[in-house]
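Undergrad: Give me a model of this one.
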Amino acid sequence: MINRVLGILVIGAATTASAGDSLNRHILERAASCWPTQTAMRGISFSADVHVSFTSEGHVSVIEIVDVAPQTETFKALAKDFANALKQCGPYGTEGMSEMDLNLSWPL
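TA: Residues are numbered from 1 along each chain as shown. This next block holds a predicted model:
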């Protein structure tokens, strides 16, 4: 069973909203497929706002975790774990975008 990542937001994208949503959904779902922690996430909800910079080849160069909710050490660790999966699952087809703001909402 594959868990789906919801709640995707692109800020400053030069694409239409639906195309941007589709791109971000693809990136977050691909990262979730590399996230070994997701199998232990049944019944747990959290969200993380993440700013991501990409190389011209689509690899993640920098990830900044902007906010995590709820604000506990456990959920901050989950956000870092997801950020590592985001790095490992690249490169991504970013359609020429070098930076994105992603919102990961994880309601299971």
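
Undergrad: check contacts around residue 90.
TA: Residues near residue 90 by CB atoms under 8 Å, 6 or more residues apart in numbering: 54, 58, 59, 60. Quick note: C-beta positions are derived from backbone N, CA and C, even for glycine.

Undergrad: Please disregard the earlier target; I meant residue 88.
TA: Neighbour list for residue 88: residue 34 [criterion: CB under 8 Å, 6+ apart].

Undergrad: likewise the one 4 residues further on?
TA: Residue 92 is in contact with 26, 27, 30, 54, 58, 59, 60, counting by CB under 8 Å, 6+ apart.

Undergrad: Am I right that it sits in a strand?
TA: No. Applying DSSP: H, G, I helix; E, B strand; the rest coil, one finds residue 92 to be coil, outside a strand.

Undergrad: Can you report phi and psi for it?
TA: The phi and psi torsions at residue 92 (degrees, to the nearest 10) take the values phi -110, psi 150.

Undergrad: So it versus residue 58, what's the distance?
TA: When CB to CB, to the nearest Å is the yardstick, residue 92 and residue 58 sit 5 Å from each other.

Undergrad: so where does the residue nearest the centre of the chain fall, helix or strand?
TA: Compute the mean C-alpha point of the chain, and by CA atoms, centre = their mean the closest residue is residue 28, 4.3 Å away. Applying DSSP states H and E as the criterion places residue 28 in helix 17-33.

Undergrad: what's the offset of that helix from the middle of its chain?
TA: Relative to its chain's centre, helix 17-33 lies at 8 Å (CA atoms, centre = their mean, to the nearest Å).

Undergrad: what packs against the next helix or strand after it?
TA: Going down the chain from helix 17-33, the next helix or strand is strand 45-54, by DSSP H and E. Applying 3 or more CB pairs under 8 Å, 6 or more residues apart in numbering; DSSP states H and E, one finds that strand 45-54 contacts strand 60-69, helix 73-88, strand 99-107.

Undergrad: Fine, thanks again, bye for now.
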